[in-house]
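1. The sequence and its predicted three-dimensional model are supplied below.
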Amino acid sequence: MRTQVGIIGGGPAGLLLALKLARSGIESIVVERRARDYVLSRIRAGVLEWGTVEQLRNASVGARMDREGLVHDGCTIYAHGQSVHVDFRQLVSKSVMVYGQTEITKDLYDELDASGIQVLHDAEAVSLAGLETCSPSIGFRHRGASKCIDCEFVAGCDGFYGPSRQAIPRSERREFEKIYPFGWLGLLSETAPVSEELIYSGHERGFALCSMRNPSLSRYYLQVPLDDDAANWSDDDFWNELKLRLPVEAAERLETGPSIEKSIAPLRSFVTEPMSWGRLHLCGDAAHIVPPTGAKGLNLAASDVYYLHNALRDYYRRGDLAGLESYSSTALARVWHAMRFSWWMTAMLHKFSERSNFDDRIRKSDFQYVANSEIGRLMLAENYTGLPYWRR
Ligand code: FAD
Ligand code: DHB
């Protein structure tokens, strides 16, 4: 098999990149380790920055999102007994869209199928070769046969555990990591959301988040110890603990019901530098992970795709290599802003058992700055709704 861009990973980064490249007349093939049903069963992110929304629309894959997604003009941050409303529209004239990653992935698959772009599922033993040459390749096993895709560029969109990042020699990679001593227990239920907007709660019992997928489907999260197991939590346990961590008015109106899904995700901050090596370019979770508090994981994958698509388009249209050469530094500049913001939101709103009383006062002061200063709320709103896609 031969194509222009070989894409490893059929998550949001790989699928969006394939579609954008096709819209620019550039061929690609996507190689995905899992079955499509498995990819579509993963429940992950829910909040889209406006830049992500615009990209989906520009790739003509935003119609269902525009019909079914919920535009949110603000959110509530609750801590130390005080609720603060952050009005995105008033502060930064922007909004976010609440639309699940599962739905985006489905829309992307449908559009790729309609455009005749190949996504090879159930690919095993994926490996990369020739990355420092002009003709790299992707090897794998597919339905019992050995296959190879010869390409001109490889996009590593295979998430945190995929092989792409590891294909960059260890001596050429620098990794930055922070592991948090807790995870998030997520629950999905067919109940009406407790509030029209998201509530982020930094309660002394631990963090809680109230989110949603649509007016009759709610998504809630609780901070839990890293070694906890979702099986330890009955639905009643979850609802009772959530009520304790919410402002009283919200706890009183919380609608409870059976869970459809319950799982724990660990929290991590991670960046690898550089994001390019020879003809390999990393996108999304393959290169960086943020704790979910700032809702940035999926949005960073989308901004990487924005930069990489533009760079490949400039190369194929004009032979201009400048965008590819600066891809890593351009993408990383935005990544580090999201890292800082996600770390800051996480630190401000979570309970850390090993934290000193000094740290506790600093976090309280962080919250009070948001509560009492319009500039504090503006900083939060600007980062949460998404920083611009700067060009370098
Ligand atoms: P992924 O979505 O991970 O896609 C990578 C793809 O590569 C996968 O389909 C995988 O199967 C495939 N792959 C892996 N290895 C191989 C291989 N060897 N060969 C071929 N294919 C391979 N973000 C938020 O903003 N809010 C959240 O609430 C949130 N919750 C999350 C919960 C969990 C459990 C996880 C793991 C992530 C969560 N995230 C959340 C982060 C967000 O989902 C990711 O940032 C986003 O999925 C990144 O997209 P991606 O395409 O880069 O990576
Ligand atoms: C959701 C997840 C997040 O991490 C977040 O910050 C906001 C919303 C969600 O799954 O809806």
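-> Nice, thanks for sending it over. Everything numeric in this text was worked out from a predicted model, so none of it was measured. Residues are numbered from 1 along each chain as shown. Ligands and ions are numbered 1, 2, ... in the order given.

2. When you work out contacts or count neighbours from here on, use the C-alpha atoms and nothing else.
-> OK.

3. List, one by one, the residues from the chain near ligand 2.
-> Counting by Cα under 6 Å from any ligand atom, the residues of the chain lying close to ligand 2 are Arg44, Ala45, Gly46, Val47, Ser211, Met212, Arg219, Pro292, Thr293, Gly294, Ala295.

4. Now, of those residues, which are buried?
-> Buried by 16 or more other Cα atoms under 10 Å: Ala45, Gly46, Val47, Ser211, Met212, Arg219, Pro292, Thr293, Gly294, Ala295, out of the residues of the chain next to ligand 2.

5. So for whichever strand or helix holds the fourth one, what gets flagged as buried?
-> Spelled out, that is Ser211. Following DSSP states H and E, one finds Ser211 within strand 206-214. By 16+ other Cα under 10 Å, the buried positions in strand 206-214 come out as Gly206, Phe207, Ala208, Leu209, Cys210, Ser211, Met212, Arg213, Asn214.

6. Ok, stretch 230-249 next?
-> Buried-residue list, stretch 230-249, by 16+ other Cα under 10 Å: Ala230, Asp235, Phe238, Trp239, Leu242, Lys243, Arg245, Leu246, Pro247.

7. Could I get the full set of helices for the chain?
-> 12-23, 36-41, 50-58, 63-68, 88-92, 101-114, 235-245, 248-253, 297-318, 322-349, 357-372, 374-385 (DSSP state H).

8. circling back: take the residues of the chain next to ligand 2 and keep only those in strands.
-> Judged by DSSP state E, strands contain the following of these: Val47, Ser211, Met212, Arg219.

9. Compute the number of surrounding residues for the nearest residue to Glu27 once chain neighbours are set aside.
-> Of all residues not flanking Glu27 in the chain, Gln4 sits nearest, at 5.4 Å (Cα to Cα, 6 or more residues apart in numbering). Under the neighbour criterion other Cα atoms under 10 Å, Gln4 is assigned a count of 19.

10. Please apply the same query to Asn357.
-> Close neighbours of Asn357, defined as other Cα under 10 Å, add up to 9.

11. Report pLDDT for it.
-> Looking at Asn357, its pLDDT stands at 92.

12. ok, back up a step: may I see the helices of the chain organised as a markdown table, with distance to Cys75 added?
-> As requested, the helices of the chain are arranged in a markdown table below (distance: least, Cα to Cα, whole Å):
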| stretch | distance to Cys75 |
| --- | --- |
| helix 12-23 | 25 |
| helix 36-41 | 27 |
| helix 50-58 | 15 |
| helix 63-68 | 19 |
| helix 88-92 | 8 |
| helix 101-114 | 20 |
| helix 235-245 | 17 |
| helix 248-253 | 13 |
| helix 297-318 | 18 |
| helix 322-349 | 13 |
| helix 357-372 | 13 |
| helix 374-385 | 9 |
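
13. Val126 is nearest to which of those helices?
-> helix 12-23 (14.9 Å; Cα to Cα).

14. Does ligand 1 have contacts with the closest one?
-> Yes - contact of helix 12-23 with ligand 1 (Cα under 6 Å from any ligand atom) involves Pro12, Ala13, Gly14.

15. Could you dump the buried ones among the residues of the chain next to ligand 2 into JSON lines with distance to ligand 1 and pLDDT added?
-> Converted to JSON lines, those look like this (distance: Cα to the nearest ligand atom, whole Å; pLDDT from 0 to 100):
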{"residue": "Ala45", "distance to ligand 1": "3", "pLDDT": "91"}
{"residue": "Gly46", "distance to ligand 1": "6", "pLDDT": "92"}
{"residue": "Val47", "distance to ligand 1": "7", "pLDDT": "97"}
{"residue": "Ser211", "distance to ligand 1": "9", "pLDDT": "98"}
{"residue": "Met212", "distance to ligand 1": "11", "pLDDT": "97"}
{"residue": "Arg219", "distance to ligand 1": "9", "pLDDT": "97"}
{"residue": "Pro292", "distance to ligand 1": "5", "pLDDT": "97"}
{"residue": "Thr293", "distance to ligand 1": "7", "pLDDT": "97"}
{"residue": "Gly294", "distance to ligand 1": "7", "pLDDT": "97"}
{"residue": "Ala295", "distance to ligand 1": "4", "pLDDT": "97"}
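
16. Out of these, flag the one nearest to Ile260.
-> Closest to Ile260 out of these is Arg219 (10.1 Å), distances taken as Cα to Cα.

17. Would you agree that closest one is in contact with Met212?
-> Yes - the pair Arg219 / Met212 is scored as a contact, 4.7 Å apart, by Cα atoms under 8 Å.

18. what's the overlap in contacts for those two?
-> Here Arg219 and Met212 have Pro193 as joint contacts, going by Cα atoms under 8 Å, 6 or more residues apart in numbering.

19. Let's see the pLDDT reported for Glu354.
-> 82.

20. Tally up the residues packed near it, please.
-> Using other Cα under 10 Å, Glu354 has 8 other residues around it.

21. and what of the one 10 residues further on?
-> A total of 15 residues lie near Lys364 under the criterion other Cα under 10 Å.

22. ok, it - contacts?
-> For Lys364, the contact set (Cα under 8 Å, 6+ apart) comprises His80, Met348.

23. And it, how far from Ala333?
-> 28 Å (Cα to Cα, to the nearest Å).

24. Over to Glu196?
-> From Glu196 to Ala333 the distance is 33 Å (Cα to Cα).

25. Which one's more surrounded, the two?
-> Glu196 (15 against 12).
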